[in-house]
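Novice: I'll drop the sequence and a predicted model, then ask my questions.
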Amino acid sequence: MNKDQLQTALETVLAEYQLAGASVILYHNDKMISANAGIISAEDGEYNVDTKFRIGCLVKVLTASQIMALVDDNLLDLSLPIAGYLPALNALNSSALSLVTAKQLLCHESGLVANFYYQDEKLTTVNLIDALSKKSDEELFISKPGEHCSYSNVGYVLLAYLIEQLRQKSWVDDLDERILRPSDIVFQESGQEGVNSKVPFGLCLNKSYQGPYLTFEPKDITPADGGALALSATELMQIAKLHLKQGISDTSKQVLSEQSVQNMQSNIANPSGPWASMKGLAYGWLAYADGSYGFSGDGIRQHVLIRILPTENIGLVIVANYHSAGILFNELWKYSLETIGCTPDIKQANQRMVNKAVELEEGFDLRFSDSSRQYRMYWMDGAGRVELTSNNPELFGDNKSVELLHVDHNHFVAPGLGNFCNLWLLSEVNQNNDGNYLWNGVSLLRGQGQIVNVI
């Protein structure tokens with residue numbers, strides 16, 4: 001591996017897509033190189049592998065690791081309904097919840113909805129049971145447990161609650177004690193006193209953007225999406241190496257058993273639709289057709305990504321602004337594999353994604369809160385391209401359409417639209433009464449930070 005080549009590769013991709021900057025770490029067979037380029041913001045300065053970023057949903061890999069530690073300690077059987085371990089859950093008398101297993105929760109096969117708020121607050125282990133008691137099974141579940149894959153933050157809050165009950169300590173304390181500290185990672189959340197200056201709050205979208213910068217207040221940490229949990233690229237690589245070294249940390253501690261690490265990398269659930277670029281959903285990890293495992297997470301305008309290929313003992317970590325990590329990954333993962341002479345069939349993986357998507361529907365409407373704005377998406381070809389069309393000239397100008405490039409399992413980007421455009425497709429697809437497919441939680445970022453939300 002060559003540090004200068006990685007630096008050049010990073011700078012080339014940043015320039016091509018007009019991205020603000022990123023930090024990248026590449027690991028292979030106990031050798032590690034890193035590269036930094038660009039700026040986080042005017043206030044936060046240049047990228048550095050030790051700058052802490054909010055890790056968002058990537059915290060699910062950590063929560064899954066905590067669950068496997070329970071298995072190692074003979075405190076949990078993944079195949080049994082969790083209601084047997086949780087008297088408060090059992091008391092809800094929910095026929096569906098009584099069937100849910102930890103295995104189903106880990107690989108998003110529980111059938112639970114993706115998200116819901118309780119009294120205008122995020123779902124946490126504190127309000128979970130009360131929140132569940134106010135919902136019917138019809139409101140909580142979109143399918144029967146074990147029937148389909150559907151990404152669920154609710155499911156991972158339930159796993160965190162299970163951890164708390166079996167360990168008799170908070171999910172955060174267990175995470176720190178069992179996973180972070182043994183991996184030489186300093187627990188840090190952006191709401192802590194004295195930490196804010198170390199976690200970037202103002203982020204620019206690209207090098208040509210002159211401001212004002214987007215700034216945000218700290219968020220509380222939650223097991224669903226990590227909230228304010230912040231890790232650096234260096235620390236994220238510690239997590240990657242933990243799963244490449246069969247559960248042994250850099251401090252030579254056996255954090256997880258070898259069997260648990262292997263189980264986390266087993267392909268359990270087979271997804272379809274927007275998840276179809278993956279081979280399956282493993283325990284906490286997303287499993288890809290090239291044999292790799294990974295996860296990405298979004299903080300507040302921050303994006304982090306881990307990808308590991310255990311058969312080749314290779315790991316890649318990227319931290320970047322907004323959804324830039326997905327774009328960078330496409331180029332840098334290819335470089336990483338070529339560096340070690342490994343060439344898995346990425347094109348075949350992309351073709352599989354497109355084929356599965358076409359099975360859903362060749363075209364479907366995206367309806368925005370402004371009813372005059374209707375967009376239709378078409379899956380185009382084996383390269384993972386899609387086209388977004390609109391009759392609204394304010395969005396696309398005279399072109400009336402824009403090609404979007406698939407960058408990972410739920411992100412598409414159109415570099416030619418203004419300075420930067422990103423369409424974020426979540427995993428849920430609902431079919432309404434008139435037969436149109438509606439994506440939940442889609443947002444379009446275009447130009448200089450303008451966001452158009454989708455209902």
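Specialist: Okay, I see it. Residues are numbered from 1 along each chain as shown.

Novice: What ranges does the stretch 1-150 of the chain have for its strands?
Specialist: Listed in chain order, the strands of the stretch 1-150 of the chain (DSSP state E, counting those that start in this stretch) span 21-28, 31-41, 45-46, 52-54.

Novice: what's the average pLDDT for the helix or strand K241 falls within?
Specialist: Element membership of K241, judged by DSSP states H and E, is helix 233-244. Mean pLDDT, helix 233-244: 96.

Novice: ok, then the element right after it?
Specialist: From helix 233-244, the next helix or strand downstream (DSSP H and E) is helix 258-264.

Novice: While we're on S79, how confident is the model there?
Specialist: pLDDT for S79: 95.

Novice: What of Q119?
Specialist: 62.

Novice: Same question for the one 10 residues further on.
Specialist: pLDDT, the model's per-residue confidence, is 92 for I129.

Novice: Verify the stated contact: it with L89.
Specialist: Yes. Using Cβ atoms under 8 Å, I129 is in contact with L89, at 6.8 Å. Placement of C-beta: from N, CA and C, glycine included.

Novice: Please work out how many residues are found near the residue lying closest to G45 once chain neighbours are set aside.
Specialist: In space, and not counting its chain neighbours, G45 is closest to I39: 6.4 Å by Cβ to Cβ, 6 or more residues apart in numbering. Using other Cβ atoms under 10 Å, I39 has 17 other residues around it.

Novice: any idea how far I55 is from I39?
Specialist: Using Cβ to Cβ, to the nearest Å, I39 is found at 20 Å from I55.

Novice: go on, E16?
Specialist: Counting by Cβ to Cβ, the gap from E16 to I55 is 26 Å.

Novice: Repeat that for K253.
Specialist: Counting by Cβ to Cβ - K253 and I55 are separated by 21 Å.

Novice: between these two, who's got more neighbours?
Specialist: I55 (32 against 13).

Novice: can I assume the more buried one is in contact with G297?
Specialist: Yes. Using Cβ under 8 Å, I55 makes contact with G297 at a distance of 4.6 Å.

Novice: and V319, what is it in contact with?
Specialist: 22-23, 47, 51, 53, 232-233, 236, 302-305, 325 (Cβ atoms under 8 Å, 6 or more residues apart in numbering).

Novice: I'd like those laid out as a markdown table, including distance to S136.
Specialist: A markdown table is the format used below for those (distance: Cβ to Cβ, whole Å):
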| residue | distance to S136 |
| --- | --- |
| A22 | 45 |
| S23 | 46 |
| Y47 | 47 |
| T51 | 45 |
| F53 | 38 |
| S232 | 43 |
| A233 | 43 |
| L236 | 39 |
| Q302 | 36 |
| H303 | 36 |
| V304 | 36 |
| L305 | 37 |
| A325 | 38 |
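
Novice: Got the confidence number for the nearest residue to L10 once chain neighbours are set aside?
Specialist: Computed as Cβ to Cβ, 6+ apart, the closest residue to L10 that is not its neighbour in sequence is A35, at 4.6 Å. Looking at A35, its pLDDT stands at 95.

Novice: A35: neighbour count?
Specialist: A35: 21 neighbours (other Cβ under 10 Å).

Novice: For Q246, see how far away Y156 is.
Specialist: Y156 is 24 Å from Q246, by Cβ to Cβ.

Novice: Any stretches of the chain with poor pLDDT?
Specialist: 1, 41-44, 117-121, 188-228, 267, 270-279, 299-301, 322-324, 326-327, 343-455 (pLDDT under 70).

Novice: Could you pull out the helices in it for me?
Specialist: 3-17, 59-72, 87-90, 102-106, 128-133, 137-140, 153-167, 171-175, 233-244, 258-264, 324-339, 346-360, 393-396 (DSSP state H).

Novice: could I get those as a markdown table with mean neighbour count and distance to L316?
Specialist: Below are these laid out as a markdown table (neighbours: other Cβ atoms under 10 Å; distance: least, Cβ to Cβ, whole Å):
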| stretch | mean neighbour count | distance to L316 |
| --- | --- | --- |
| helix 3-17 | 16 | 10 |
| helix 59-72 | 24 | 14 |
| helix 87-90 | 15 | 38 |
| helix 102-106 | 25 | 23 |
| helix 128-133 | 17 | 34 |
| helix 137-140 | 13 | 36 |
| helix 153-167 | 23 | 24 |
| helix 171-175 | 20 | 23 |
| helix 233-244 | 23 | 8 |
| helix 258-264 | 18 | 18 |
| helix 324-339 | 21 | 5 |
| helix 346-360 | 16 | 14 |
| helix 393-396 | 15 | 34 |
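
Novice: right, so of these, which gets closest to K122?
Specialist: Across those, the minimum distance to K122, taken as Cβ to Cβ, is reached by helix 153-167, at 8.9 Å.
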